[in-house]
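Novice: starting from these lines, generate the structure:
(one chain, ligands or ions: 1)
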Amino acid sequence: MRPKIVVTQPIPGDAVARLRQIGDVTYRTTDGPLPAAELSQLLAPADAVLCLLTDRIDEVLLATTPRLKIVANMAAGYNNIDVAAASARKIAVTNTPGVLSESTADLTFALILGVMRRISESEAFLRSGQWAYWSATLLLGSEVHSRTLGIVGMGRIGTAVARRARAFNMRVVYTARSVHADAESLGAERVDLDTLLAQSDIVSLHVPYNAATHHLINAQRLAQMQPSAFLINTARGSVVDEAALAEALHRGIIAGAGIDVFEAEPTIHPQLLSAPNTLLLPHIGSATLQTRSAMARMAADNIVAFFAGNRPPQLVNPEYLA
Ligand code: DGY
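Specialist: You can find the predicted model right below:
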């Protein structure tokens, strides 16, 4: 029997074609997450789902999907899925790590350069017709090269950021549970979070979101940063207490922020929208055609492997078999 596979939202590349080779695919071609009741209806007959990070796969939903055997998330992060609930129901969960590291690191640097060199503001100034003459004091930003970059979380994306930092002649400090050989070979130095916050000109977040990283950056930690420092977040919104960040920006506790991910995205904290020296992007860290196609293909390949009787290569809950 061919498995019934649901793809919840439009995805690029050849992933859907690949899935059609092995199963009967229901491909929802409308963008945007479904309300819970409609998602449950869509998934009720499914053996497998290829979903996005905006699809909430929780205990309540899983109780309505009795046939479901694998949830393949098209994202490295999988905090949209209740993995414990899936494991309890013997459902495999997979993600798409690695393929998005370089593009996310590129965007991290776009945010660093964008906010510190005031790129959006400068372009808006030009386009609004205000540019009357070259001025020695116009739109002065902050140097990026040769500064100290603090990388919170030295996983694959953190390492890709550290590699780029080297070309900018930056000193790199990082936090991680253990010394990271690749990072050390790039000249990065492992420190504790307090030291990183105190010493960094730029603090860039690259940890997964979970109970331990919820509001890791809160008012107290923002106050530990230098008033001239910038915060960059391409990880998950809830790693930062957004209200505290907005207040820190308005009060000049830190100099600025470049943010790609938000606590209640697409809703943005109103005080963040009005904060000075802040560059805000709509969660586009991995948004290149090449990377998103590779992520979709990786998610599909996990489903293909599963129905071929193999362990999905990016299985996040091996305990589901227990
Ligand atoms: C992820 O994969 O977790 C990113 O946030 C989206 O690419």
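
Novice: all contacts plus neighbour counts: C-alpha atoms, from now on.
Specialist: OK.

Novice: residues in contact with residue 173?
Specialist: 148, 149, 150, 151, 188, 189, 190, 191, 196, 200 (CA atoms under 8 Å, 6 or more residues apart in numbering).

Novice: what residues does this protein put near the ligand?
Specialist: 75, 76, 77, 285, 286 (CA under 6 Å from any ligand atom).

Novice: which residues touch the fourth one?
Specialist: Yep, that's residue 285 we're talking about. So residue 285 contacts 103, 104, 105, 107, 108, 234, 260 (CA under 8 Å, 6+ apart).

Novice: export these to CSV and append columns for secondary structure.
Specialist: Below are the contacts of residue 285 laid out as CSV (DSSP: H, G, I helix; E, B strand; the rest coil):
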residue, secondary structure
103, helix
104, helix
105, helix
107, helix
108, helix
234, coil
260, coil
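
Novice: are any of the residues you listed buried, and which?
Specialist: Taking 16 or more other CA atoms under 10 Å as the criterion, what is buried in the contacts of residue 285 is 103, 104, 105, 107, 108, 234, 260.

Novice: what is the neighbour count of the nearest residue to the first one once chain neighbours are set aside?
Specialist: Right, the one you point to is residue 103. Ranked by CA to CA, 6 or more residues apart in numbering and with sequence neighbours excluded, the top spatial neighbour of residue 103 is residue 286, at 5.4 Å. Neighbours of residue 286 under the rule other CA atoms under 10 Å: 22.

Novice: do the same with the one 5 residues further on
Specialist: If you count neighbours by other CA under 10 Å, residue 291 ends up with 20.

Novice: I'd assumed residue 101 was in contact with it.
Specialist: No. At 9.0 Å, residue 291 does not count as touching residue 101 under the criterion of CA atoms under 8 Å.

Novice: so where's the chain uncertain?
Specialist: For the chain, no stretch is flagged by pLDDT under 70.

Novice: show me the contacts for residue 13.
Specialist: Residue 13 touches 292, 293, 294, 296, 297, counting by CA under 8 Å, 6+ apart.

Novice: which SS class is the third one?
Specialist: State at residue 294, reduced to three classes by three-state DSSP: helix.

Novice: which two of the contacts of residue 285 have the greatest separation?
Specialist: Pairwise distances across these (CA to CA) peak at 13.1 Å, for the pair 103 and 260.

Novice: find the nearest non-adjacent residue to the residue of the stretch 1-150 of the chain found nearest the ligand, please.
Specialist: Ranked by CA to the nearest ligand atom, the top residue of the stretch 1-150 of the chain for proximity to the ligand is residue 75, at 3.2 Å. Counting by CA to CA, 6+ apart, residue 75 lies nearest to residue 96, which is 5.2 Å off, once chain neighbours are set aside.
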